[in-house]
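Participant: build me a structure from this.
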Amino acid sequence: MELKIQPIGNSYSDQAIDLILNIQQKEFNIPVTLEDQPDLAAIEHFYHEKGGHFWGAFIEGELVGTIALLKFDKHAGAIRKMFVKKEFRGKELNIAQALLEVLISFCHENQINELYLGTITILKAAQRFYERNFFVSIEKEKLPPLFPLMSADNIFYHLSIH
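Facilitator: Sure thing, here's the model as predicted:
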């Protein structure tokens, strides 16, 4: 199984929506809808046009993971839409790690030095993943003023990359 990570845009919106909503709603019972996430139907507008990016992880042509960078300040971005399909998770394929590394490389190339993200209490594996990658937990009050808050998020992380 060969993993291919590539930038994706609006033409992949339907696949990204299927992947992400299934994980949010069916796997974790997070009360979030497509209407709560208009970015998924307009990837290029929400991410690319503002200096961020959106990537997909593919195995044999199937979208199995996503990660996005929402640039919200000259040198700062928020990680969004970090999801890997259940049957493709784990150290064997290391898809989440590969996605994060692609995003961090993009940050280096584009002078984005500060990364932030929000997640929710129930996503314990995600929290462990970010902590293994040197993200530090921060209080909501310490987030930059321009950080784009998501209503469901209640745990926040920061990483300085230089």
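Participant: can you point me to the longest helix in this structure?
Facilitator: When the chain is parsed with DSSP state H, its longest helix is helix 95-109.
Participant: what's the nearest residue to residue 79 once chain neighbours are set aside in contact with, if anything?
Facilitator: Among residues not flanking residue 79 along the chain, residue 117 sits closest, at 4.0 Å (Cβ to Cβ, 6 or more residues apart in numbering). All C-beta spots, glycine's among them, are computed from the backbone N, C-alpha and C. Residue 117 sits next to 78-80, 82, 130, 135, 156-157 when contact means Cβ atoms under 8 Å, 6 or more residues apart in numbering.
Participant: can you do 7 Å?
Facilitator: By Cβ atoms under 7 Å, 6 or more residues apart in numbering, the residues touching residue 117 are 78-79, 130, 157.
Participant: element containing it, please.
Facilitator: Per DSSP states H and E: residue 117 is located in strand 114-119.
Participant: residue 20 now?
Facilitator: Applying DSSP H and E, one finds residue 20 within helix 13-21.
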